[in-house]
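Asker: what follows is a predicted structure for the sequence shown.
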Amino acid sequence: MIEEHAQVIALDNNDVWVETQRRSACGQCAANKGCGTATLARVLGNKRSQVRTLNPEATPVAVGDEVVIGINEQALVRGSLAVYTVPLLMLFVFGFLGELLSTQLLVTNQDILPIVLGLAGLLLGFVWVRRFTRGIADDVRYQPVLLRRVSIALR
């Protein structure tokens, strides 16, 4: 389980809305000044993200409480692979098919068909990702869950 600290910002039935702080590990690295990732982290800043989490054990929380949320590692890996790999794979497969078709059909400009089919494959990959994410939107395996309360807000 991958864990992250968050602050409760709203309660909605069995769901808890939390706000997390995006952090980068670049501050501890020795190559901080010459690293592109560190520069990008400084430009983007430490933005806050609002996330809906499930509260399966009905842990009593209130707005302002600091909590720990978590998500299953396998779900994170599967979701990441789906979102990043499928569109790229479709781009390459359709581009390769375009290359084969352009040589078989003896097209005069042999670069057009691979480009067009590659972009079509990329678009189909994005459509697949959209359907995949809609399909897992309510799947509890892919949802962050409230694990425990760290501190109680002063009321």
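Answerer: Structure received.

Asker: can you list the buried residues in stretch 64-79?
Answerer: For stretch 64-79, burial by neighbour count (16 or more other CB atoms under 10 Å) applies to 65, 67, 68, 69, 71, 72, 75, 79. Quick note: C-beta positions are derived from backbone N, CA and C, even for glycine.

Asker: er, stretch 100-119 I mean
Answerer: Buried residues in stretch 100-119 (16+ other CB under 10 Å): 102, 113, 114, 117, 118.

Asker: show me which of those is closest to residue 2.
Answerer: Distance to residue 2 across the buried residues of stretch 100-119 (CB to CB) is lowest for residue 118, with 34.1 Å.

Asker: wait, the closest one touches residue 101, no?
Answerer: No - the pair residue 118 and residue 101 does not pass the contact test of CB atoms under 8 Å, sitting 11.8 Å apart.

Asker: partner strands of the top strand by length along the chain, with direction?
Answerer: Taking DSSP state E as the criterion, the chain has its longest strand at strand 2-12. Strand pairing for strand 2-12, determined by DSSP bridges: strand 15-21 (antiparallel), strand 66-71 (antiparallel).

Asker: buried ones in it?
Answerer: Buried residues in strand 2-12 (16+ other CB under 10 Å): 4, 6, 7, 8.

Asker: how far off centre is that strand?
Answerer: 17 Å (CA atoms, centre = their mean, to the nearest Å).

Asker: tell me which of the buried residues of stretch 100-119 fall in helices.
Answerer: Mapping the buried residues of stretch 100-119 onto helices (DSSP state H) picks out 102, 113, 114, 117, 118.

Asker: so where's this protein shaky on pLDDT?
Answerer: Where the chain drops to pLDDT under 70, the residues are 22-47, 152-155.

Asker: and the residue nearest the centre of it, what helix or strand is that in?
Answerer: Compute the mean C-alpha point of the chain, and by CA atoms, centre = their mean the closest residue is residue 80, 6.2 Å away. Taking DSSP states H and E as the criterion, residue 80 maps to helix 73-104.

Asker: farthest-apart pair in the buried residues of stretch 100-119, please.
Answerer: 102 and 118 (11.6 Å).
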